[in-house]
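[1] predicted structure and sequence below. I'll ask about it afterward.
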Amino acid sequence: MKKLVLPFLVILFFVSESIVVDLWPKNGFYEKYIFVPRFLLIAIVFVTVYVTRFYGIVYGFVFGLLYDVFYTEILGVYMFIFVLIAYLTSKAMRVFHNNVLVTSFLSIVAVSVVEFYVYGIYLLIGKTDMPFEIFLYDRLFPTIFLNTIFVIFVSYPLKQQLIKLPIREREDEDYLL
């Protein structure tokens, strides 16, 4: 039964993004700013740090592909960046101390990287014509704010849940990548 906890948690974060978007207020203040929940990405960063790099990359690949299929028109954009974020997070954790504050900070940095990456890709292929200043103030900063609030509330319980998992090959994964 404990083996199903990790897939359940990641699916919960995947589904909760669309629920938050549907339940988000639609009044004047919230129409100007674009708040993008990146709960799945935060979960992938935490899985990479507190479970294993292998699981982070696999979940990044699978759920990145699902994200592309369900939420975007272009396949591969999120699949690539989620895997890359999991890999870079595992490399960064070799330098930083493994605690919840560092992991939370890395997850917010990952949200910023994904937002810049998606904006750049969409600008490159002509899917958006949003100027950089509008992107920065109307999308990036509100997105970072929303996801920071989410990380503040979820980081410690998520860490505690992930370190209880029965996966024991946490150390020395140099055989992969």
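    Ah, there it is.

[2] just name the shakiest helix or strand of the protein by mean pLDDT.
    Within the chain, no helix or strand scores below helix 28-32, which has a mean of 75 by mean pLDDT, DSSP states H and E.

[3] ranges for the helices of this protein?
    Taking DSSP state H to define them, one finds helices in the chain at 5-23, 28-32, 39-50, 53-71, 77-92, 100-125, 132-134, 141-163.

[4] ok, V51 to Y117 distance?
    24 Å (C-beta to C-beta, to the nearest Å). Yep, even glycine has a C-beta here, placed from its N, CA and C like the rest.

[5] and if you look at P7?
    Relative to Y117, and taking C-beta to C-beta, P7 is found at 26 Å.

[6] which one of those two is surrounded by more residues?
    Per other C-beta atoms under 10 Å, whichever of P7 and Y117 has more neighbours is Y117, with 16 against 11.

[7] does the more buried one touch I81 like I think?
    Yes: if you go by C-beta atoms under 8 Å, Y117 and I81 touch, sitting 5.2 Å apart.

[8] re the thing from before, highest mean neighbour count out of the helices of the chain?
    Most buried of the helices of the chain by mean neighbour count (mean count of other C-beta atoms under 10 Å) is helix 39-50; its value is a mean of 26.

[9] chain center to that one: distance?
    6 Å (C-alpha atoms, centre = their mean, to the nearest Å).

[10] middle-most residue in the chain, spatially?
    L41 (1.0 Å; C-alpha atoms, centre = their mean).

[11] next up, the contacts around Y122.
    T128 (C-beta atoms under 8 Å, 6 or more residues apart in numbering).

[12] where does the chain dip in pLDDT?
    Flagging of the chain using pLDDT under 70 yields the residue ranges 1, 29, 168-177.

[13] residue with max distance from the center of it?
    Seen from the C-alpha centroid of the chain, the residue lying at the greatest distance (C-alpha atoms, centre = their mean) is G28, 27.6 Å away.

[14] so who does that residue touch?
    Taking C-beta under 8 Å, 6+ apart, we find G28 in contact with no residue.

[15] list phi and psi for T128.
    phi -140, psi 150 (degrees, to the nearest 10).

[16] separation between it and K159?
    Relative to K159, and taking C-beta to C-beta, T128 is found at 35 Å.

[17] swap in T103?
    Taken as C-beta to C-beta, the span from T103 to K159 is 7 Å.

[18] so what sits against both of the two?
    F46, Y50.

[19] run a quick neighbour tally on the closest residue to K3 other than its chain neighbours.
    Residue nearest to K3 in three dimensions, not counting chain neighbours: P166, with 7.0 Å by C-beta to C-beta, 6 or more residues apart in numbering. When counting by other C-beta under 10 Å, one arrives at 8 neighbours for P166.
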